[in-house]
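S.K.: Kindly generate the corresponding structure for this input.
(3 chains)
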Amino acid sequence: MILDVILRIGAKMFIPFILVFGLYVHLHGDFGPGGGFQAGVIIAAAVVLYAIVFGKDAAVRVVPVWVVELMVSLGVLIFCAVGVWSMFMGGEFLNYNVIFHAPPVSQYDAVHGQHWGVFLVEIGVLVTVTGTMLTIFYSFAGRGRAE
Amino acid sequence: MPNDLRGDEMAVSSEGMSLVQHLPALQVAVPLVGSVLCAIVRQRHLAAAITIACSVAMPVIAYLLLEIVREHGTISYAMGGWEPPVGIEYRIDVVNAYLLLLVSIMGALVALYAPRSIANEIAPEKQGLYYSMYLMCLAGLLGMAITGDAFNVFVFMEISSLAMYTLIALGSERRALVAAFQYLVIGTLGATFYVIGVGLIFTMTGSLNLYDISQLVWDSEHVRPVIAGLAFITIGFGLKLAMFPLHLWLPNAYAYAPTVATAFIASTATKVAVYLLLRFLFSVFGTDYTFGLTPAAEIMMVLAVLAMIVASLSAIYQVNVKRMLAYSSVAQVGYMLLGIALVSEAGLTGGISHLFNHAIIKAALFLAVGCIFYSSGVTRIENLAGMGRQMPLTLGAFVIAGLGLIGVPGTAGFVSKWYLIEASAAAGHWWLVIAIVVSSVLAVVYVGRVIEVAYFREPVAKVVRRPEPEMVLITWALAAAVIWFGIDTELNAGIAGEAARSLLAGWRE
Amino acid sequence: MTELADRPLLEALATNYNYWITIVLMVSGLFIVVSKSNMIKTLVGLGIFQTSVYLLYLSPGKILGATPPIMAEGIESYSNPLPHVLILTAIVVGVATLALGLALVVRIHEAYGTIEEDEITAVVDREDYAE
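M.R.: Below is the predicted model:
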């Protein structure tokens, strides 16, 4: 472990930037290329890099398996919650126009709703994709060697 | 600036919607949320409770939808408020309203049957995930049945299929893993074939909305890519519904999955694929296009007859009762395809009513097998010896459903076969009548073999415990339905006839 | 271009090369799935087969000389964004299928000690015979 000091320092330097870049891609997704899928993979990649350099056990201490598995379900739940919420507000399932303003909705309100609706659903996507990627990584990494 | 970009298509409804209007979305969203909740709680009793609650709500929603469709005609639900053909449309007419009812009733019965059977077959820590995958599969199948968007069909098809592979892999034997892997490869090929076909049609018509495609399909600049797309779609569904030479995944998948999962998949998954094939061949493309420009009917007729004969012969030689029923399923799919290939009202009525009947019959048979496995752990036919005396109730249900499978008058199977024979005779295809009779005789042989072993031989295996009352009750409810649909022919054949007329009329205006 | 027009086959190749690549990928993927007994190779073939579909959808969506589908002043023609969204979904489905397939292969390896399908078939047949 002592010899890969460059890797370890390098990883430690890179990981915060990877995470911030992930968030940038996510938030930029409203107006340009980007969004939850890409950002989720980038954020998962940061954890994977940590796991590769410091070992899977260290990564599991930072991001436990149960958190990762919860994230998979939680993201879908956020997505469905937005859909059901728009139903309660009197629109169709996932109709973002109405998530803040019950119909009738003015054009301005509709844009407000669309903006936040996409944002919330993309957060759901981000959480699920990050969780799924890490679940896949955790369940394959190191399997068959420890036993 | 975004204000200027939103055109008139972002119409905002002026008043709120009532709960009834949301039923199409709830039909899919409820099991999806239930599945996620099961994955979060993991605890098996809680997960079972969530599963039962969600599954039992499904027939209620499906029934309400059916009532609305019968009263007001086709329902169109714009997902997210984006009007079709731009947005994803959920489109419900008589055909898929009945299918939704069928799938959701089967889902509810299997969910009520499941807990003790699952407790017997799957390790406790995996049971919560089993329920999660079961609800996911249900959501996918209902989504396939309800949606009116070609690409959305693909997404739901993959949701249900991925859940199904997992359900199969949860089987107790290690062979279940291989069966699941083979099904994964073939199922993915099928879904990809479908998506290639949709891609070709999308390129030529510029639309993914099924209703919209039906209006545009004759106007496409070139015919050949569209026909190629139709062929890809047919092969894709052929893989999913186990059309004869493409059925090789099915026997192992049915044989090694947990018994409840088998009962659910056998009674719903292939049926939904048959429905979608009907939808594409008749509603989207229309009879003139599909059967006028391509030899689809002739090819399907030959494959259907081969399925009826060859798969029935294979069923006779099986040693595992679940595998035997699986091969019989391939043969029964042949009857449904025959109904499609005849392209007549009587033929389609027979095919569609066979779709419903076979779902009920196969569910009853597999659930009866589930009771036997629960009590004695037997799956081999020779070890069933003497079961008729040891478990008279369960075997009684098995015999009734078996008679339905053969098509004895007074059972549901007779009604649909009668329509098929009538349609074949009307079309002048006497060899088809002979094929139906031969296939039924083969069914007598393979069902009769089980009955002979179960009633006329000395017991081999010991019955360790009685099957639970709710398991026997549900099996008997399905067996009773087999008789009921055989006597009250108007109910089943009337519905099927209504659906057949609606399909033959097509969507093209 | 006049020279190309004299040779119809070459012209077909040159003007529709995206479809030819799609077809080559599609057929080779399918061939690998059908011909290989190794389960990992089967999954690789499946991946190639699916990738060909991504290309089938994406290439007609691109309009030559048009911009990416981002709205701004003075932009008149832009590529069709719908295929990208569809294929994003298809890629996610592909990843999920691949992950599940690999998970099954790992479990099969643990249960049988091999991932060659013909060897497993032999074991299964022996078990059937022994029963």
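S.K.: first to last residue in stretch B:307-326, what's the distance?
M.R.: Counting by C-alpha to C-alpha, to the nearest Å, the length from the leading to the trailing residue of stretch B:307-326 is 12 Å.
S.K.: Show me which positions of it end up buried.
M.R.: Of the residues in stretch B:307-326, B:307-315, B:318, B:320-326 count as buried by neighbour count, 16 or more other C-beta atoms under 10 Å in any protein chain shown. (Each C-beta comes from the backbone N, C-alpha and C, glycine too.)
S.K.: for stretch B:77-95, same thing?
M.R.: B:77-82, B:84-95.
S.K.: circling back: which ones among the buried residues of stretch B:307-326 lie within helices?
M.R.: Using DSSP state H, the subset of those located in helices is B:312-315, B:321-326.
S.K.: Counting by contacts, list what the longest helix along chain A packs against.
M.R.: Ordering each helix of chain A by length in residues (DSSP H) puts helix A:107-140 first. When contacts are defined as 3 or more C-beta pairs under 8 Å, 6 or more residues apart in numbering or on different chains; DSSP states H and E, helix A:107-140 packs onto helix A:5-28, helix A:36-54, helix A:65-88, helix B:2-5, helix C:82-112.
S.K.: Okay, angle between that helix and helix A:65-88 too, please.
M.R.: Angle, helix A:107-140 to helix A:65-88, by axes from the mean of the first three to the mean of the last three C-alpha atoms, to 10 degrees: 160 degrees.
S.K.: What is the distance between helix A:107-140 and the centre of its chain?
M.R.: Computed by C-alpha atoms, centre = their mean, to the nearest Å, the separation of helix A:107-140 from the middle of its chain amounts to 6 Å.
S.K.: what's the answer for stretch B:258-278, then?
M.R.: 3 Å.
S.K.: That one near chain C anywhere?
M.R.: No: Stretch B:258-278 lies apart from chain C when judged by C-beta under 8 Å from any C-beta of the partner chain; the minimum separation is 15.6 Å.
S.K.: list the contacts for the residue nearest to A:V127 when sequence neighbours are not counted?
M.R.: Nearest residue to A:V127 in three dimensions, chain neighbours excluded: A:G75, at 3.6 Å (C-beta to C-beta, 6 or more residues apart in numbering or on different chains). When contacts are counted by C-beta atoms under 8 Å, 6 or more residues apart in numbering or on different chains, A:G75 touches A:123-129, A:131.
S.K.: gap between A:G75 and chain C?
M.R.: Taking C-beta to the nearest C-beta, to the nearest Å as the measure, A:G75 falls 13 Å from chain C.
S.K.: Minimum distance to chain B, which residue of chain C gives it?
M.R.: C:A111 (4.0 Å; C-beta to the nearest C-beta).
S.K.: residues near that residue, how many?
M.R.: Burial measure for C:A111: 16 neighbouring residues, criterion other C-beta atoms under 10 Å in any protein chain shown.
S.K.: contacting residues around it?
M.R.: B:174, B:177.
S.K.: Surely B:F282 is in contact with B:L504?
M.R.: Yes: the pair B:F282 and B:L504 qualifies as a contact (C-beta atoms under 8 Å) at a distance of 6.5 Å.
S.K.: can you pull the contacts of the closest residue to chain C within the stretch 151-300 of chain B?
M.R.: Closest contact between the stretch 151-300 of chain B and chain C, by C-beta to the nearest C-beta, is at B:R174 (4.0 Å). By C-beta under 8 Å, 6+ apart, the contact set of B:R174 is C:108, C:111-112.
S.K.: which residues does the nearest residue to B:G506 once chain neighbours are set aside contact?
M.R.: Nearest residue to B:G506, sequence neighbours excluded (C-beta to C-beta, 6+ apart): B:G286, at 3.9 Å. For B:G286, the contact set (C-beta under 8 Å, 6+ apart) comprises B:214, B:217, B:506-508.
S.K.: Would you agree B:Y254 is in contact with B:R323?
M.R.: Yes: applying C-beta under 8 Å, one finds B:Y254 in contact with B:R323, separated by 7.2 Å.
S.K.: mind listing what's buried in stretch C:51-71?
M.R.: Buried-residue list, stretch C:51-71, by 16+ other C-beta under 10 Å: C:51-61.
S.K.: just the residues of chain A that are near chain C, which are they?
M.R.: A:32-33, A:37, A:132, A:136, A:139-140, A:143-144.
S.K.: related to what we said a few turns ago, for the contacts of A:G75, which entry has the maximal number of neighbours?
M.R.: Neighbour counts for the contacts of A:G75 (other C-beta under 10 Å) peak at A:L126, which has 27 neighbours.
S.K.: ok, and the helix or strand in chain C with the lowest average confidence?
M.R.: Ranking every helix and strand in chain C by mean pLDDT, DSSP states H and E puts helix C:2-6 at the bottom, with a mean of 60.
S.K.: Could you do chain B as well?
M.R.: Across the helices and strands of chain B, mean pLDDT, DSSP H and E gives its lowest value to helix B:2-5, namely a mean of 38.
S.K.: what bits of the chain have low per-residue confidence?
M.R.: Going with chain A. For chain A, applying pLDDT under 70 flags the ranges A:1-3, A:144-147.
S.K.: Chain C was what I was after
M.R.: C:1-5, C:129-131.
S.K.: Kindly report the residues of it close to chain B.
M.R.: Counting by C-beta under 8 Å from any C-beta, the residues of chain C that sit close to chain B are C:26, C:30, C:33, C:39, C:42-43, C:46, C:49-50, C:53, C:56-57, C:60, C:71, C:82, C:86, C:89-90, C:93, C:96-97, C:100-101, C:104-105, C:107-108, C:111-112, C:117, C:120, C:124, C:127-128, C:131.
S.K.: Which of the residues you listed are buried, as a ChimeraX select command?
M.R.: The ChimeraX command for the buried members of the residues of chain C next to chain B (criterion: 16+ other C-beta under 10 Å) is given here:
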select /C:26,30,33,39,42,43,46,49,50,53,56,57,60,82,86,89,90,93,97,100,101,104,105,107,108,111,112,117,120,124
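S.K.: List the residues that contact the residue in chain A positioned nearest to chain C.
M.R.: Closest residue of chain A to chain C, C-beta to the nearest C-beta: A:I136 (4.9 Å). Going by C-beta under 8 Å, 6+ apart, A:I136 touches C:A99.
S.K.: A:V48: neighbour count?
M.R.: By other C-beta under 10 Å, the residues close to A:V48 number 19.
S.K.: Any idea how far apart the tips of stretch B:285-303 sit?
M.R.: End-to-end for stretch B:285-303, by C-alpha to C-alpha: 21 Å.
S.K.: Over to stretch C:109-123?
M.R.: Stretch C:109-123: ends 13 Å apart by C-alpha to C-alpha.
S.K.: do the same with stretch C:10-24
M.R.: OK, stretch C:10-24 end separation, C-alpha to C-alpha: 16 Å.
S.K.: Can you list the buried residues in that stretch?
M.R.: So for stretch C:10-24, counting by 16+ other C-beta under 10 Å, buried means C:T22.
S.K.: Distance from the chain centre to that stretch, please.
M.R.: A distance of 17 Å separates the centroid of the chain from that of stretch C:10-24, by C-alpha atoms, centre = their mean.
S.K.: Other residues contacting stretch C:74-82?
M.R.: B:208, C:60-63, C:65-70.
S.K.: same thing but 6 Å
M.R.: By C-beta atoms under 6 Å, 6 or more residues apart in numbering or on different chains, the residues outside stretch C:74-82 that reach it are C:61-63, C:66-67, C:69.
S.K.: before we move on, what about stretch B:77-93?
M.R.: The contact list for stretch B:77-93 (C-beta under 6 Å, 6+ apart) reads A:91-92, A:94-95, A:97, B:9, B:24, B:65, B:69, B:74-76, B:146-149, B:152, B:207, B:209, B:212.
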